[in-house]
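Chemist: This is a predicted model, with the sequence first.
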Amino acid sequence: MEGIINFSDWEKIDLRVGQIKKVEDIEGADKLYKLEVDLGKELGKRTICAGIKEHYSKDELRNKKIIIVANLAPRKLRGIESQGMLLAAVNKDESKVILLSPEKDIEIGSKVR
């Protein structure tokens, strides 16, 4: 286990349910997709770059509900501003990546606690 955080640090993280609406290739990027993720009325749509191309096809991702870190500072990847991060489970050698999704249907924008 890496680095212990305080509960007050955990409380700062805003995890939300989002739905992937668009999936695009990024020119020159073998691992990255550019995703348009809908987080509902309160937060709107976000662009997120995710290195999941080796693990998911575009068809598998379209309309998939996922969990994202909604309050992560934006970061430029390949010239694109990524406005959040997907949550995924990854095995030790990173040969398997599985996106975290709500177990049952719930409204987009819902908070994860």
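Modeler: Structure's in. What do you need? Residues are numbered from 1 along each chain as shown.
Chemist: ok, the most centrally placed residue in the chain to Ile4 distance?
Modeler: If you average the C-alpha coordinates of the chain and look for the closest C-alpha using Cα atoms, centre = their mean, you land on Leu86, 1.8 Å from that point. In this structure, Leu86 and Ile4 are 24 Å apart, going by Cβ to Cβ, to the nearest Å. (Glycine included, C-beta is placed from N, CA and C.)
Chemist: Tell me how far Ile20 lies from Asn6.
Modeler: Note on Ile20: its distance to Asn6, by Cβ to Cβ, is 32 Å.
Chemist: who's more crowded, the two?
Modeler: The neighbour count for Ile20 versus Asn6, taken as other Cβ atoms under 10 Å, is higher for Ile20 (24 against 8).
Chemist: what's the more buried one in contact with, if anything?
Modeler: By Cβ atoms under 8 Å, 6 or more residues apart in numbering, the contact list for Ile20 reads Leu35, Glu36, Val37, Leu61, Arg62, Asn63, Lys64, Ile66.
Chemist: Drop anything exposed from those.
Modeler: A residue is treated as buried here by neighbour count (16 or more other Cβ atoms under 10 Å); on that basis the buried members of the contacts of Ile20 are Leu35, Val37, Leu61, Lys64, Ile66.
Chemist: Give me the residues contacting stretch 58-68.
Modeler: Contacts of stretch 58-68 from elsewhere in the structure, counted by Cβ under 8 Å, 6+ apart, are 15-23, 33, 35, 37, 39, 46, 48, 52, 84-87, 99-102, 105-106, 108, 112.
Chemist: centre of the chain versus the longest strand belonging to the chain, how much separation?
Modeler: As assigned by DSSP state E, the longest strand anywhere in the chain is strand 15-25. Here strand 15-25 is found 7 Å from its chain centre; the criterion is Cα atoms, centre = their mean, to the nearest Å.
Chemist: May I ask which helix or strand of this structure has the lowest mean pLDDT?
Modeler: Sorting the helices and strands of the chain by mean pLDDT, DSSP states H and E puts helix 7-10 at the bottom, at a mean of 88.
Chemist: Kindly export that one (C-alpha atoms) in CSV.
Modeler: Once side chains and other backbone atoms are set aside, the C-alpha atoms of helix 7-10 remain, and they are given as CSV (Å, rounded to 0.1, in the frame of the first residue of the first chain):
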residue,chain,number,x,y,z
PHE,A,7,-9.7,11.6,5.9
SER,A,8,-9.8,15.3,5.3
ASP,A,9,-7.8,14.7,2.1
TRP,A,10,-10.3,12.0,1.0
